[in-house]
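Engineer: below: sequence and its predicted model.
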Amino acid sequence: MTLLNRLFDVYIDLNIILALTATLWLTARFLMARSGKKPAFSVQLGLLNGLFTLVLLSPIVVVLFLDLQAADVVPRGYSVNLADYAVSRYLRGGIAIPAEDFQSLLGLRGRFTETVLTLSSPAGVAIASLLLVGSAFFTLRLCAGFVRLARMLSACHHWRRSGNVSLLLSDTALVPFSAQGLIRYYVVIPSDLLARPEDLKLVLKHEFQHLRQGDVAWEIGLEMLRPLFFWNPFYYLWKGEVERLRELACDQKVTEGGKVDLKAYCLCLVRAAQSGFRKRTELRSPAQRPADAASVALLDLRERFWRRSPSRKLHRRIEALVDDRPQHSHRGLVCLAVLPLAGVVLLTAMSLQKPADWSQDRLMLSAIVNLERLETINTLGQRPLR
């Protein structure tokens with residue numbers, strides 16, 4: 001049970017850290033927009049992916065830090081623990097609640113973990129069932145998406161091959177999209193796009209830019225984490241931000257420096273959307289539904305109640321393309337933002353850990369609790385005054 005408790009604690013820590021990091025990112029994005037020094041979309045996307053990698057690696061960083069402390073390489077005085085800090089604040093009068101209530105709050109997470117893992121109450125059974133059933137459902141859904149994607153790729157017509165990239169033609173694909181196999185990359189093009197050579201050229205530039213950015217690999221990684229974070233709204237917020245910046249960064253890279261005609265590129269996006277909406281109304285059979293797992297599409301035509309509509313997202317992309325305000329890398333500004341954000345993420349990861357042993361402050365808190373209980377017992381045992 002000790003290993004299971006540790007794994008569950010790491011799982012809870014990751015969800016808390018992801019929520020905090022998403023909040024910090026939204027705050028940083030707002031401040032950058034207000035300052036008028038908005039970095040290029042590709043720089044923002046790199047920062048977002050770097051922060052997410054740091055969130056996933058934070059448990060490993062914490063373990064390494066604790067091992068260095070145990071080996072006396074790092075002084076124990078450098079440890080940061082939120083529970084110990086709260087106890088210290090309480091003993092200094094910074095928190096004004098009864099000692100027993102405060103100690104109960106400190107043990108809330110431990111009781112929650114024990115309740116879920118031991119199934120000792122109906123609430124624990126309900127939470128454990130929700131986590132297991134939800135994870136199983138989204139795992140099966142992910143596997144079904146991969147199978148549907150593989151079937152769609154196998155049904156495509158091979159067109160050309162360039163290095164480890166295969167260009168495929170599809171009669172059922174709503175819009176062009178990129179996918180990744182174990183070894184090869186795939187770019188799927190709707191067959192009717194061959195009748196528009198200029199649009200085809202722009203679409204291929206767009207899809208190859210996705211491959212250069214590693215967007216398909218990131219999409220696969222985020223989709224594979226969905227069964228773990230399916231209940232966390234901050235996961236969907238983060239994934240939505242990645243998808244938004246991914247398309248904006250790709251559009252910006254394709255059109256920067258006047259390499260392509262901006263008007264032609266915008267019209268190409270509009271025509272692709274019109275064609276996709278028309279096909280979506282024609283292909284109503286579930287067997288003909290396009291693959292939506294581990295693929296990066298030119299346009300997302302799926303309507304979801306927690307995200308913007310496809311037409312709204314297309315409108316935002318075109319607005320970003322025609323915005324004539326210059327965007328620069330601002331690497332110095334990004335570095336100034338990265339260091340505090342990374343520091344906060346790591347400090348949060350370390351502060352969420354359980355205390356290694358009973359400190360003097362905790363012993364004092366326990367003594368106060370025992371004294372309050374003893375006083376309550378003595379008060380109840382006194383005779384009432386007449």
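Structural biologist: Yep, it's here.

Engineer: ok, residues contacting the helix or strand that contains R226?
Structural biologist: Here R226, judged by DSSP states H and E, is contained in helix 215-229. If you take C-beta atoms under 8 Å, 6 or more residues apart in numbering as the criterion, helix 215-229 is touched by 11, 14-15, 18, 49, 134-136, 138-139, 142, 145, 178-180, 185, 210, 235, 239, 242, 246, 250, 293-296. C-beta: built from backbone N, CA, C; applies to glycine.

Engineer: filter those to the buried ones?
Structural biologist: Neighbour counting by 16 or more other C-beta atoms under 10 Å classes 14-15, 18, 49, 135, 138, 142, 145, 178-180, 185, 210, 235, 239, 242, 246, 250, 293-296 among the contacts of helix 215-229 as buried.

Engineer: what backbone torsions are found at G214?
Structural biologist: As for G214, its main-chain torsions (degrees, to the nearest 10) stand at phi 70, psi 20.

Engineer: distance of it from D300?
Structural biologist: Plainly put, G214 is 19 Å away from D300 if you go by C-beta to C-beta, to the nearest Å.

Engineer: compare the two (neighbour count), which wins?
Structural biologist: Per other C-beta atoms under 10 Å, whichever of G214 and D300 has more neighbours is D300, with 20 against 14.

Engineer: for the chain, what spans make up the strands?
Structural biologist: Using DSSP state E, the strands of the chain run over 157-162, 165-170, 177-180, 185-190, 295-297.

Engineer: indicate which one of those strands is closest to A70.
Structural biologist: strand 177-180 (41.0 Å; C-beta to C-beta).

Engineer: now, which of the buried ones among the contacts of helix 215-229 lie within helices?
Structural biologist: Among those, DSSP state H puts 14-15, 18, 49, 135, 138, 142, 145, 210, 235, 239, 242, 246, 250 in helices.

Engineer: lowest-confidence one in the residues you listed?
Structural biologist: Within those, G145 has the lowest pLDDT, namely 89.

Engineer: leaving out sequence neighbours, find the closest residue to I127.
Structural biologist: V116 (5.2 Å; C-beta to C-beta, 6 or more residues apart in numbering).

Engineer: give me the helices and strands touching the helix-or-strand element of the chain with minimal mean pLDDT, please.
Structural biologist: The helix or strand of the chain with the poorest confidence is helix 360-381; it has a mean of 74 (mean pLDDT, DSSP states H and E). The contact analysis (3 or more C-beta pairs under 8 Å, 6 or more residues apart in numbering; DSSP states H and E) places helix 360-381 against helix 82-91, helix 99-106.

Engineer: need those helices in CSV with mean neighbour count and mean pLDDT, can you?
Structural biologist: Supplementary listing: the helices and strands packed on helix 360-381 in CSV, determined by neighbours: other C-beta atoms under 10 Å; pLDDT from 0 to 100:
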stretch, mean neighbour count, mean pLDDT
helix 82-91, 17, 79
helix 99-106, 16, 80
